[in-house]
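# Return a 3D structure for these sequence lines:
(4 chains)
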2 protein chains.
Amino acid sequence: MRSTIHKAMSDIKKESIPPATQAVASGGGMSPKQKTRIQITNEAKILEAALGVFAQEGFRGATLDRIASAADMSKPNLLYYFKNKEKIHIALLTGLLDIWLAPLSEISATGDPMLEIGGYIKRKLEISREYPRESRLFANEILAGAPHISDFLQTKLKKLVDEKAAILQRWIDNGQLAPCDPRHLLFAIWSTTQHYADFSVQVRLVLGLESEDNSYYGEASQMLETLFLGQLIRTYHCN
Amino acid sequence: MRSTIHKAMSDIKKESIPPATQAVASGGGMSPKQKTRIQITNEAKILEAALGVFAQEGFRGATLDRIASAADMSKPNLLYYFKNKEKIHIALLTGLLDIWLAPLSEISATGDPMLEIGGYIKRKLEISREYPRESRLFANEILAGAPHISDFLQTKLKKLVDEKAAILQRWIDNGQLAPCDPRHLLFAIWSTTQHYADFSVQVRLVLGLESEDNSYYGEASQMLETLFLGQLIRTYHCN
DNA sequence: TAACATTTTTACCGGCTGGTCAAATATTCA
DNA sequence: TGAATATTTGACCAGCCGGTAAAAATGTTA
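Numbering: from 1, shown residues only, chains lettered A, B, ... in the order given. From the prediction side, this is the model:
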């Protein structure tokens, strides 16, 4: 279930799970090793640096030299912590997938459709703002054909989507939600929210904002609320 | 013949200034050259091949070797037609931008809001289905920070968006459209429609479809119609 | 067909890329 | 402290990468 490397991500996301299995470094043994203080900080430094590079350049476009330099570290030193380029990439992706799934998981069958969907959109948009690089990393992976996460997509994600789509369908059948394909409703929520991270350059340039200006998220939130909740919920019979 | 990109090739072969004139050879001067039959077919072959590679790997991730091999051509031969890698990329992008702008241009201030917006969504979705590789090429360019098209984004695109947003705003003021930020409404349309091209791998895996199965576009179209037209237009006062 | 222009191929280059290795250095802990 | 261990470094490598040069092959046309 969890890749060994996944642990490394927990450092970056500052949840501290007690260290346990890890056999990344040092050539030989499969024996689980306790992580050193230095190991912890350096792995975090590497992942932090790699996240930016992978997110911008994609897997093939990113280079170890660039990551190492961004991590302020020599390349061989970097490779002392991660056996190869792919291991870094997988570590990042694995750590990301939990963040990705969480908001959808929280949708509850027993809640009010308006609040549940509204909350989901809010959470997704929040993640878009908080983790734009992770979002772009994910986008790059999909654009490249999802070579590392196709299994995740067709098992874990598909299962969760089917599950939540069933809930939405029940709401539709109850007349609490406008009739539509629930899975495509989820796609629409994904795309609109992630757009603000993945296409932030375009958004800013079109809106005439500066490079680090995130002020559009307020308008975005309002727009999405209008779009998805304004009418989609319960008022479809107006027509 | 898929792409309408050929027009971007004006600056490819040497410096061909406005074409059409068949010049008598003059010593030293750069004379505009008529394109050979072979030139035309090979440039098309290269662009066709490069489109797939750039769309999947991004600019840095794509290699001339791979493009050449996809075009069934030796690398030096490829470089006989395009001076370097960037020229190919720019040729593709340039050709793409017209496709990209066209649907938005067609929105008319004098039309019915429902029909205009509905038509725009349909056209965008159509382009997503017809030109998925172009869409991914564009997405890759944005993810990389729009190094080649930031000027386009902040001039031509921004201008067009401002113009069309003004139209939408007038509809809002007239009570024909739910109050919302018009520019963000456009973003929502862009993201939802392009999602089906850019994230098609994910869409297919989650829906359980085969690799080349495009059947989800029907459901997508219906979903977007429900989402954007079902209530956004004119019925916002139901609340 | 011969002269000319276009296209293709072969051979190559310097720098980058992912990655290895062993030696040198720093850290930990009995 | 000093031995054991963990970390860092520099030197290196084979293959890939974008790109060049020039000859060879092919096509065009007078």
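# Next one: A:Glu163 relative to DNA strand D, how far apart?
Using C-beta to the nearest atom of the strand, to the nearest Å, A:Glu163 is found at 41 Å from DNA strand D. For every residue, glycine as well, the C-beta is placed using N, CA and C.
# Centroid-nearest residue for chain A?
With distances taken as C-alpha atoms, centre = their mean, A:Trp100 lies nearest the centre of chain A, 4.1 Å away.
# Now the closest residue in space to that residue that isn't next to it in sequence: which helix or strand?
Spatial nearest neighbour of A:Trp100, chain neighbours left out: A:Phe138 (6.8 Å); criterion: C-beta to C-beta, 6 or more residues apart in numbering or on different chains. According to DSSP states H and E, A:Phe138 maps onto helix A:132-143.
# which of the residues in the one helix or strand A:Gly119 maps to are buried?
Using DSSP H and E, A:Gly119 sits within helix A:113-130. Neighbour-count burial for helix A:113-130, counted by 16 or more other C-beta atoms under 10 Å in any protein chain shown, picks out A:113-114, A:116-121, A:123-125, A:127-129.
# Need these in a markdown table (columns: pLDDT and distance to chain B).
Below are the buried residues of helix A:113-130 laid out as a markdown table (pLDDT from 0 to 100; distance: C-beta to the nearest C-beta, whole Å):
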| residue | pLDDT | distance to chain B |
| --- | --- | --- |
| A:Pro113 | 93 | 15 |
| A:Met114 | 92 | 11 |
| A:Glu116 | 96 | 17 |
| A:Ile117 | 96 | 12 |
| A:Gly118 | 95 | 14 |
| A:Gly119 | 97 | 18 |
| A:Tyr120 | 97 | 15 |
| A:Ile121 | 97 | 12 |
| A:Arg123 | 97 | 17 |
| A:Lys124 | 98 | 12 |
| A:Leu125 | 98 | 12 |
| A:Ile127 | 97 | 15 |
| A:Ser128 | 97 | 11 |
| A:Arg129 | 97 | 15 |
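# Quick one: neighbours of A:Gly208, just the number.
A:Gly208 has 10 neighbours, counted by other C-beta atoms under 10 Å in any protein chain shown.
# From what I see, it and B:Lys159 are in contact.
No. At 10.9 Å, A:Gly208 and B:Lys159 do not qualify as touching, with contact defined as C-beta atoms under 8 Å.
# Run through the helices of chain A in chain order.
A:6-12, A:37-61, A:64-70, A:75-81, A:85-105, A:113-130, A:132-143, A:150-152, A:158-173, A:182-198, A:200-207, A:216-224 (DSSP state H).
# For A:Leu160, see how far away the closest residue to A:Glu134 other than its chain neighbours is.
Distances taken as C-beta to C-beta, 6+ apart put A:Leu96 closest to A:Glu134, at 4.9 Å, once the chain neighbours are dropped. As judged by C-beta to C-beta, to the nearest Å, A:Leu96 and A:Leu160 stand 15 Å apart.
# Could you check which of the two is surrounded by more residues?
A:Leu96 (22 against 16).
# So for that one, what's the pLDDT?
Note for A:Leu96: predicted pLDDT of 95.
# what's near enough to touch it?
A:Met9, A:Tyr131, A:Glu134, A:Leu137, A:Phe138 (C-beta atoms under 8 Å, 6 or more residues apart in numbering or on different chains).
# Mind listing what's buried along stretch A:44-57?
A:44-47, A:49-57.
# thought A:Asp72 was touching A:Lys45?
Yes. A:Asp72 lies in contact with A:Lys45 (C-beta under 8 Å); the separation is 7.4 Å.
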